[in-house]
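Student: Below is the sequence, then the predicted model.
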Amino acid sequence: MIRFLGLLLLSAGLAHADPVVVARTRAEPILVEAVAYDHRDRLLVSSVHATGIYRVRPDGGLRRWSARASTQGVFGIAVDIARNDLWAASTGSVHGGDPSASPALLRFNLRNGDLRQTIAAPDGAKSFGDVALGPDGSVYVSDSGTGDVLRLRPGATALEKLVSLGALASPQGLAVSPDGRVLVFAGYGSGLHRIDLATGAHVRIETPTGMELRGVDGVARIDGDLLLVQNGVAPPRVLRLALNDDWSSIERLDVLVRDGGMQEPTVGVVHGSDFVFVSRSQWTDFEADGTLKTPTPAPAVISRAPLTLPPSP
């Protein structure tokens, strides 16, 4: 994901699991940001550089799922099985697409990839990134360029701003509580934030002493817990975070993966008893101005890790 705050933290702790490779792309520039599964349980990936949504074939080749030219670079994607929708954050940048194009929230038919709806970004929007769904069908998207978190209510045609924190806040992944009352999002340089969706009240969730939650990119939910992909620490980690009932405080942190060969991991999704995530995104193969460091970067990698820690010996 595009971030506007440099951050490198050192993290201690033992590795609990090594991720298992689910898929690799070919050795070509793609820049994979997010993953999802379609109605037939097939893996989909979003591409920033190749500007679209794709299925990964067994040989690592990509089969285009979204129509050509229907998107700019695609960052976050989220599937709503009940409503047969796939929502995507489309943003042009120097890494892919037209940098002068306005971001948009796109709604696709999950079964065939047809574009159903384009939700225009509000004036001043810069970089739509992650997407999350509420149980009522509301869609949430973060703008790391402006520091905004926005909501699209069911049936609405325009996004509404929930919070505006400024570009340095760099909101990343987000998740909605099971009861639909609370949204939590990761500020790349500030940790986790909480929004009461009924009142709009926003607070930063206090990080317990000795715990580091800056540098989080991807956020997903499993039951009442959060899964975090943290690429702003060395080495990168995948975390499972237990919150209290109203998601106002942190009760426990488990490190599911530490290092595991990950290179700029980004976003993931719960799939059965595993967390499936982008473990090598290819962000490290691009310069800040979008130029490639090598014409044939190593493949992007999708991996899985168990949702729970193995029992202690």
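Tutor: Arrived safely, thanks for sending.
Student: Can you list the low-confidence ranges for the stretch 1-150 of the chain?
Tutor: Along the stretch 1-150 of the chain, segments meeting pLDDT under 70 span 1-16.
Student: And the strands in it?
Tutor: Assigned by DSSP state E, counting those that start in this stretch, the stretch 1-150 of the chain shows strands spanning 9-10, 20-24, 32-37, 43-47, 52-56, 62-64, 73-80, 85-91, 104-109, 115-120, 128-133, 139-143, 148-152.
Student: Quick one: work out the angle between the fifth one and strand 104-109.
Tutor: Direction vectors for strand 52-56 and strand 104-109, defined by axes from the mean of the first three to the mean of the last three C-alpha atoms, to 10 degrees, enclose an angle of 40 degrees.
Student: can you list contacts of strand 52-56?
Tutor: 23, 25, 38, 42-47, 62-66, 68, 70-71, 74, 77, 86, 88, 108, 113, 302 (C-beta atoms under 8 Å, 6 or more residues apart in numbering). The way it works is simple: take the backbone N, C-alpha and C, and place the C-beta from them, glycine included.
Student: circling back: which one, of the strands of the stretch 1-150 of the chain, ends up nearest to P306?
Tutor: strand 20-24 (9.2 Å; C-beta to C-beta).
Student: ok, that closest one: who's next to it in the sheet?
Tutor: Sheet pairing here is set by DSSP bridges, and for strand 20-24 it gives strand 301-306 (antiparallel).
Student: Now do the buried residues in the partner strand.
Tutor: By 16 or more other C-beta atoms under 10 Å, the buried positions in strand 301-306 come out as V301, I302, S303, R304, A305.
Student: ok, the second one - contacts?
Tutor: Read that as I302. Residues in contact with I302 (C-beta under 8 Å, 6+ apart) are 21-24, 32, 35, 43, 45, 56, 276-279.
Student: Looking at strand pairing, list the partners for it.
Tutor: A23, V278.
Student: V255 versus that one, what's the distance?
Tutor: 20 Å (C-beta to C-beta, to the nearest Å).
Student: Kindly report the same for the fourth one.
Tutor: Spatial separation of R304 from V255 under the definition C-beta to C-beta is 16 Å.
Student: can you list contacts of stretch 146-160?
Tutor: 105, 119-122, 124-127, 136-143, 161-171, 174, 183, 185, 195, 197.
Student: how about that stretch: buried residues?
Tutor: So, applying 16+ other C-beta under 10 Å, buried residues of stretch 146-160: T146, G147, D148, V149, L150, R151, L152, L159.
Student: and those as CSV, adding distance to A288?
Tutor: Listed next are those as CSV, based on distance: C-beta to C-beta, whole Å:
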residue, distance to A288
T146, 19
G147, 20
D148, 22
V149, 25
L150, 26
R151, 31
L152, 31
L159, 28
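Student: Alright, that wraps it up for me.
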